[in-house]
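Asker: show me how the following folds:
(one chain, ligands or ions: 2)
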Amino acid sequence: MATYKQAAGFDFDESTEHSVLSVQHLIAKEPLSSIPQQFVRPNQEPQSTFSNAETGSLPTVPTIDMKQLLSDEASADIELEKLHSACKEWGLFQLVNHGVSTSLLDKFKHEIEEFFQLPLEEKAKYRKTGDLEGYGCDQIITKDKKLDWGDRLYMTTNPLNSRKSHIIPELPYSFRNTLESYIVELQKLAVKVLDFLGRRLKMEKREMGELFEDGRQSVRITYYPPCPQPELVMGITPHTDGTGITILNQVNGVNGLELKKDGIWIPVNVLSNALIVNLGDIIEIMSNGMYKSVEHRAIVNTEKERISVAMFISPHLDAEIGPVTSLTSPQNPPIFKTIGMEKYVKNFFTYNHEGRSHLEYMRL
Ligand code: OGA
Ligand code: NI
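Answerer: Ligands and ions are numbered 1, 2, ... in the order given. You can find the predicted model right below:
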């Protein structure tokens, strides 16, 4: 058997024994006889055992219909109430009739699959250079320093001047083009969703729009290879997103996302033609705790690789992050601090690297 070092692509001057550039390539060369220690987590919380369709007790993630929300009929109000309770109780929903064209989604899927099929040497051009951006397997948000079972391509997409010169501009032409269209379409969709949230929260008209206009946006494309012992590893460690909202596209229709509700891990089944919207810490803070930033994770399986794209939507860097003025009152005083977005982002990455919840840091 090839040594673990060779298989993991150590030709690319990996700095320590513990870093792996790509799990995909690690397992592609030869079947692993055992899972390398840096991926093994002995004490994982299992998926909920009562989440068994037969018992009928499986709580189902709410589905929101954008077409209904946008309609002129009375059904729009009913849908808005459904959205409101999804945001309060779940912090996550499946969004159907979202308006992003199937042809764009299909093209994007194809481009992503082609990207991950490139030789490791090609992908290594986009590797992370000291920060979180770029290609590679890493741990991003864990206290135990275990590696997640997945390869990521993570990049800031807006503001344009914060894009890294070795990533998007260097991507294969057709992938880059499709990615640019996806970025535009998902930003438009996010603005629509945020507008409904603001409306139902009864924020003053422009408060939401102003914060998110030309906002910070980043994207994480993840390739989760199949794993011979999935119960020992984690695709992505439990976390909340530091965003306003995140729109997750389960590109190749393979399940794996789970959310924590009332202390129990619940699977989010892929619904074809749906995108998943999950609320991040910023919306919980802005809504002064009314809406929930949901804790989630991704598990892997023995059979099939899973590909996801998470689009992270946040306010612009000059924004102030805190409970929105029109949503607080002497009866409902702010329960979170207010800080500038630039500082918020800096703190977020510091806290998460230390395995502490950033939301707790923001709590007054
Ligand atoms: C993320 C995330 C989930 C998934 O990238 O923040 O939660 O299913 N991804 O890939
Ligand atoms: Ni996430």
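Asker: what's the residue closest to the geometric middle of the protein?
Answerer: Among the residues of the chain, the one closest to the centroid is Ala310, at 4.1 Å (Cα atoms, centre = their mean).
Asker: what about dumping the CA coordinates of the helix or strand where that residue lies to PDB?
Answerer: Element membership of Ala310, judged by DSSP states H and E, is strand 306-313. Written as PDB, here are the backbone C-alpha positions of strand 306-313 (Å, rounded to 0.1, in the frame of the first residue of the first chain):
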ATOM      1  CA  ARG A 306     -21.700  14.100  -2.000                       C
ATOM      2  CA  ILE A 307     -21.300  17.600  -3.400                       C
ATOM      3  CA  SER A 308     -22.700  20.800  -1.900                       C
ATOM      4  CA  VAL A 309     -22.400  24.500  -2.500                       C
ATOM      5  CA  ALA A 310     -23.000  26.900   0.400                       C
ATOM      6  CA  MET A 311     -23.500  30.500  -0.600                       C
ATOM      7  CA  PHE A 312     -22.900  32.800   2.400                       C
ATOM      8  CA  ILE A 313     -24.800  36.100   2.400                       C
END
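Asker: can we start the residue count at 20 from this point?
Answerer: Noted, 20 is the first residue going forward, which turns the last one into strand 325-332.
Asker: neighbouring strands for that strand, and are they parallel or not?
Answerer: Strands adjacent to strand 325-332 in the sheet, as given by DSSP bridges, are strand 236-243 (antiparallel), strand 264-268 (antiparallel).
Asker: okay if I get those strands as a markdown table plus mean pLDDT, mean neighbour count and distance to ligand 1?
Answerer: For every residue, glycine as well, the C-beta is placed using N, CA and C. What follows is the strands paired with strand 325-332, written out as a markdown table (pLDDT from 0 to 100; neighbours: other Cβ atoms under 10 Å; distance: least, Cβ to the nearest ligand atom, whole Å):
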| stretch | mean pLDDT | mean neighbour count | distance to ligand 1 |
| --- | --- | --- | --- |
| strand 236-243 | 97 | 23 | 4 |
| strand 264-268 | 98 | 24 | 6 |
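Asker: ends of stretch 102-122, how far apart?
Answerer: In terms of Cα to Cα, to the nearest Å, the two terminal residues of stretch 102-122 are separated by 27 Å.
Asker: what lies in contact with that stretch?
Answerer: Counting contacts by Cβ atoms under 8 Å, 6 or more residues apart in numbering, the residues outside stretch 102-122 that touch it are 80-88, 204-205, 208, 212, 215-216, 219, 266, 278, 280, 287, 290, 292-298, 302-303, 306, 309-313, 315.
Asker: of those residues, which belong to helices?
Answerer: Counting by DSSP state H, the part of the contacts of stretch 102-122 found in helices is 85-88, 204-205, 208, 212, 215-216, 219, 302-303.
Asker: okay if I get the strands paired with strand 325-332 as JSON lines plus distance to Pro61?
Answerer: Compiled in JSON lines, the strands paired with strand 325-332 are given as follows (distance: least, Cβ to Cβ, whole Å):
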{"stretch": "strand 236-243", "distance to Pro61": "20"}
{"stretch": "strand 264-268", "distance to Pro61": "28"}
